[in-house]
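K.L.:
Fold the following, please.
(one chain, ligands or ions: 1)
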Amino acid sequence: MDNIYAKVLEAHRFIAEQTCKFVPEVALILGTGLGDIAERIEPAYVIPYKSIPHFSLSTVEGHEGRLILGIFAGKRVAAMQGRLHFYEGYSLEQVSFPVRVLKSLGSTFLVVISAAGGLDTGFKPGEVMLVTDHINLIGSSPLRGVTDPRLGNRFPDMSQVYDRQAAKVVLNVASESSLALNTGVYAAVPGPNLETPSETRMLRILGADAVGMSSVPEVITAVQVGFRILFLVAITNVNNPEDMAPLSITDVINHARLAEPALTYILEKAIPTLIDGLG
Ligand code: HPA
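P.N.:
A predicted model of the protein is given here:
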C-alpha cells in the first residue's frame with residue numbers, strides 16, 4: 001500500500017461524515033464465529049467494509065464485513081464485525097489498515113477477539129483465554145516498509161504489548177463470576193492449513209498456549225499507533241500432538257459460538273470499568 005497516511009485520512013473522513021463524527025471510546029475487532037457479540041451493540045451506524053475507502057473485503061465464512069458504531073454496555077464503540085486475514089491473500093499492511101483507521105476515530109482501547117486452537121491440553125473447547133503475550137510466526141511484520149513517521153514509531157517497543165490494567169479488570173470479572181478464564185501466550189501462524197502434530201509439538205515447546213491465524217498483525221500495528229490492547233480468544237479446539245483429532249472450520253465456528261456468552265459477559269463488565277477508569 002502506498003501512502004498509507006493519506007489512505008487512513010480518506011477512510012477516516014468518509015466514516016466521520018457518515019457518522020456525524022461519532023467518537024468511539026473502545027474499538028473492537030471480532031473474529032471467526034464471534035460476530036454475534038456485535039448483536040449486543042445498539043447500532044447507531046453500520047457501514048459495510050466495501051463502501052469504506054481502502055478497506056479490503058472479508059472473504060471468510062463467519063465474517064460479516066461491516067463496521068458498527070454504537071453503544072455497548074453504555075459505552076461508545078466501533079466494532080469490526082469480521083476481520084481480514086493474511087491467508088486470504090492480503091498483505092499484512094492491508095490486514096492491519098483498519099486498525100489505523102479505528103485509532104484515527106479516537107478510542108484509547110482496542111479489544112481484539114479471535115478463535116484459536118488450544119495447545120495447553122488442560123484447556124477445553126468453548127473456554128476463553130486472556131492473551132498475556134504473543135509469538136509472531138507469520139514470517140513478516142505489518143510494519144515492514146512503513147517509514148512514515150506520521151504513522152508512529154518505526155521500531156515500536158514490544159516489551160509489554162497487552163495492557164496490564166485491562167488484564168486485571170478481566171481477571172477480576174472472571175473471578176467474581178466464577179467464570180473459567182485461562183491465560184497464556186498466543187502464537188500466530190500464516191494458515192490457512194491447520195497444524196501437523198509435529199508443528200503442534202513445536203508450538204508448545206516454543207511456549208505457546210494457543211495458536212491462531214490472525215490478530216497479531218493488527219496488534220503490532222495497534223502498538224505502533226498507541227492503542228492500549230486487550231486480546232481475548234475463544235478456544236475452539238484443543239490440539240494434543242500425541243492424539244491429533246481432525247478439525248473442520250464448522251467445528252471451529254460452532255465452538256467459537258460456545259465461548260460467545262462468556263466473552264460477551266466479560267466485555268459487558270470489563271469495558272465500562274476500563275473506560276470509567278480513564279476519567
Ligand atoms: N490452529 C490454527 N488456527 C486455529 C485453530 C488451530 O487449531 N483453531 C482455531 N483457529
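K.L.:
CA atoms for contacts and neighbours, from now on please.
P.N.:
OK.
K.L.:
OK, contacts around residue 9?
P.N.:
residue 101 (Cα atoms under 8 Å, 6 or more residues apart in numbering).
K.L.:
Contact distance from the ligand - what residues of this protein qualify?
P.N.:
115, 116, 117, 194, 195, 211, 212, 213, 236, 237, 252 (Cα under 6 Å from any ligand atom).
K.L.:
mind listing which of these are in helices?
P.N.:
If you go by DSSP state H, the residues of the chain next to the ligand have residue 252 in helices.
K.L.:
now that we have the residues of the chain next to the ligand, which one has the most neighbours?
P.N.:
Greatest neighbour count in these, by other Cα atoms under 10 Å, goes to residue 115: 31 neighbours.
K.L.:
so who does it touch?
P.N.:
31, 32, 33, 34, 212, 233, 234, 235, 236, 252, 256.
K.L.:
try it again with 10 Å
P.N.:
30-34, 126, 128-129, 210-215, 232-237, 252-253, 255-257, 259 (Cα atoms under 10 Å, 6 or more residues apart in numbering).
K.L.:
of those residues, buried ones?
P.N.:
For these, a burial check counting by 16 or more other Cα atoms under 10 Å picks out 30-34, 126, 128-129, 210-215, 232-237, 252-253, 255-257, 259.
K.L.:
Residue 171 contacts residue 266, correct?
P.N.:
Yes: using Cα atoms under 10 Å, residue 171 is in contact with residue 266, at 9.1 Å.
K.L.:
what residues are shared contacts of those two?
P.N.:
Shared contacts of residue 171 and residue 266, defined by Cα under 10 Å, 6+ apart, comprise 179, 181.
K.L.:
So which of those two has more stuff around it?
P.N.:
Legend: neighbour count by other Cα under 10 Å for residue 171 and residue 266, higher for residue 266 (22 against 19).
K.L.:
what about the residue lying farthest from the centre of the chain, is that helix, strand or coil?
P.N.:
In the chain, the greatest distance from the average C-alpha position (Cα atoms, centre = their mean) is reached by residue 242, at 29.7 Å. Look at residue 242: counting by DSSP: H, G, I helix; E, B strand; the rest coil, its state is coil.
K.L.:
mind listing what the nearest residue to it once chain neighbours are set aside touches?
P.N.:
Once flanking residues are discounted, residue 242 sits nearest to residue 197: 7.1 Å by Cα to Cα, 6 or more residues apart in numbering. For residue 197, the contacting residues are 203, 239, 240, 241, 242, 243, 244, 245, by Cα under 10 Å, 6+ apart.
K.L.:
Please determine how far residue 197 is located from the ligand.
P.N.:
11 Å (Cα to the nearest ligand atom, to the nearest Å).
K.L.:
Let me see the confidence value for the spatially most central residue of the chain.
P.N.:
By Cα atoms, centre = their mean, the chain has its centre lying nearest to residue 112, at 2.6 Å. According to the prediction, residue 112 has pLDDT 97.
K.L.:
Confirm that it sits in a strand.
P.N.:
Yes: judged by three-state DSSP, residue 112 forms part of a strand.
K.L.:
could you pull out the strands for this structure?
P.N.:
Along the chain, counting by DSSP state E, strands occupy 26-30, 42-48, 66-72, 75-81, 109-118, 128-136, 181-188, 210-212, 228-238.
K.L.:
Which of the ones you listed sits closest to residue 159?
P.N.:
strand 128-136 (9.2 Å; Cα to Cα).
K.L.:
tilt between that closest one and strand 109-118?
P.N.:
If you take axes from the mean of the first three to the mean of the last three Cα atoms, to 10 degrees, strand 128-136 sits at 90 degrees to strand 109-118.
K.L.:
Within the sheet, what are the partner strands of strand 128-136, with directions?
P.N.:
Counting by DSSP bridges, the strands paired with strand 128-136 are strand 181-188 (parallel), strand 228-238 (antiparallel).
K.L.:
who's in contact with residue 203?
P.N.:
Contacts of residue 203 (Cα under 10 Å, 6+ apart): 119, 135, 137, 186, 187, 188, 189, 195, 197, 209, 210, 211.
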